[in-house]
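Participant: Let's see this in three dimensions:
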Amino acid sequence: MYKEIINKIKPEMDKSLNFLERELSKIRTGRVSSSLVEDLVVDCYGEKSPLKQIATISVSGPRTIVIQPWDKSIIFNVEKAILSSNLGINPIVDGEAIKITLPPPTEDYRKELSRMLSEKLEITKTSIRRWREEGWRQIQDGFRQGKIREDDKFKAKDDLQKIIDDYTKKIEEKGEQKRKEIME
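Facilitator: Numbering: from 1, shown residues only. As a prediction, the model looks like this:
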């Protein structure tokens, strides 16, 4: 019975870890990534669309992103979306493409990125802890209802904590890897 409870919360913890990975990919490091701009919303054809749905985004070198809209008539809409974002980057319209060259991050900016990283890591850890509490609550409810034996209750607590420790270790590893990228 308790294994079913643990197996039900594992996918939720996986979702938290996947969310962290997506969020970390949006944090700018020494190398640029297309994920920095792919979710920007562009107003074109009377509706708003993510940039990744209306253009090809590629990385050209360690500090340059090239955006090629599929419809060249919306190139200035893309430029406007980039300028109005809070990324603080200036696009250069180059015929049929937009080039974004990012300068190396300053030491102050690296510290700010590191602070943002710490916040995202803590949010994910909090989510994992919430799932641990939920799992433990369900295990205790099962014990009170007579569905889980007392020995199994304590074994479940140990198993649950072992899983939480594994996820916390994964979060820390991802955070440390990203912190190294930021400081490069």
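Participant: give me the element Ser110 is part of.
Facilitator: Not quite, residue 110 is Arg, not Ser. Using DSSP states H and E, Arg110 maps to helix 107-144.
Participant: Please give the centre-to-centre distance between that helix and its chain.
Facilitator: 14 Å (C-alpha atoms, centre = their mean, to the nearest Å).
Participant: who does it touch, helix- and strand-wise?
Facilitator: The helices and strands touching helix 107-144, judged by 3 or more C-beta pairs under 8 Å, 6 or more residues apart in numbering; DSSP states H and E, are helix 2-25, helix 150-183. Heads up, the C-betas are built off the backbone N, CA and C, glycines and all.
Participant: Okay, domains of this structure per the record?
Facilitator: 2-26+106-183, 34-101 (automatic domain parsing).
Participant: want to throw these into JSON lines with mean pLDDT?
Facilitator: Below are these laid out as JSON lines (pLDDT from 0 to 100):
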{"stretch": "domain 2-26+106-183", "mean pLDDT": "90"}
{"stretch": "domain 34-101", "mean pLDDT": "87"}
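Participant: Please identify which of the helices and strands packed on helix 107-144 is closest to Arg137.
Facilitator: helix 2-25 (9.5 Å; C-beta to C-beta).
Participant: Name the next helix or strand downstream of that closest one, please.
Facilitator: Per DSSP H and E, helix 2-25 leads on to strand 41-44 as the next helix or strand towards the C-terminus.
Participant: what residues does that following strand touch?
Facilitator: With contact meaning C-beta atoms under 8 Å, 6 or more residues apart in numbering, strand 41-44 is reached by 48-51, 54, 71, 74, 77-78, 80-81.
Participant: Can you lay out the domains of the chain as JSON lines showing mean neighbour count?
Facilitator: Rendered in JSON lines, the data for the domains of the chain read as follows (neighbours: other C-beta atoms under 10 Å):
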{"stretch": "domain 2-26+106-183", "mean neighbour count": "15"}
{"stretch": "domain 34-101", "mean neighbour count": "15"}
